[in-house]
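Q: have a look at this prediction, sequence included:
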Amino acid sequence: MSATIKVGDAVPSAEFPTVFWSAELEDGAACGVPAKLDIAKEWAGKKVVLVAVPGAFTPTCHVNHIPAYVKRREEFTKKGVDVVAVIAANDPFVMSGWSRVNHAKGDVLFLTDTYAEWSKKLGLSVDLTGLGLGERTNRYLLVLEDNKAKHVAVEPNPGAVSNTGAEHALAAIDGLGWK
């Protein structure tokens, strides 16, 4: 499936299930209660970096992709980014656990794209049924301003990180002149 979203397009509205970080989740004794993040409301007027991955705790996503976004969160803030978020077609409990393992502590949001439905609307889902994973979010990067795409990058191989990593996102933001 090729991306249907282009630079300048508004992203579709969505209410992403998520377990928002709180200190009591850190020791693993509590699991949190999923809530909905309404991007039309919460991201209106904001600068957002949204990175999508095929799955939490999968080798490329867990080792090579998402840790850099967490480690470099302050750099995104200095460049004018209000929100950094990770999205995958995993349930909100898995995404919450992955957030804790990555020590994100709410600095980076970990969101659920239920059944990859939102990504399908963008033309950015991938069928990984052959790997036993079903329909998933592809590996992609969206840089948004007021819920409009300012930068779109899709990995040609969802098992690799080339144009969707944190370094690439920071360079894309430099090209936008945000401060």
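A: Structure received.
Q: just the buried residues of stretch 31-38, please?
A: 32, 34, 37 (16 or more other Cβ atoms under 10 Å). Backbone N, C-alpha and C define where each C-beta goes, glycine included.
Q: between the residues you listed, which sits nearest Lys78?
A: Comparing those against Lys78 with Cβ to Cβ places Leu37 closest, at 23.8 Å.
Q: mind listing what the residue nearest to the spatial centre of the chain touches?
A: Per Cα atoms, centre = their mean, the C-alpha nearest to the average position across the chain is that of Val86, at 2.3 Å. Taking Cβ atoms under 8 Å, 6 or more residues apart in numbering, we find Val86 in contact with 50-53, 66, 69, 95, 99, 108-111.
Q: any idea how far apart the tips of stretch 16-34 sit?
A: 10 Å (Cα to Cα, to the nearest Å).
Q: right, I mislabeled it, should have said stretch 20-28
A: With Cα to Cα as the measure, stretch 20-28 spans 14 Å from end to end.
Q: quick one: average pLDDT of that stretch?
A: Averaged across stretch 20-28, the pLDDT comes to 74.
Q: contact partners of that stretch?
A: 19, 30-32, 35, 96, 99-100, 104-106.
Q: element containing the residue nearest to the centre of the chain?
A: Using DSSP states H and E, Val86 sits in strand 83-88.
Q: may I ask which helix or strand of this structure has the lowest mean pLDDT?
A: Least confident helix or strand, the chain: helix 59 with a mean of 58, by mean pLDDT, DSSP states H and E.
Q: where helices are concerned, which of the contacts of Val86 count?
A: Counting by DSSP state H, the part of the contacts of Val86 found in helices is 66, 69, 95, 99.
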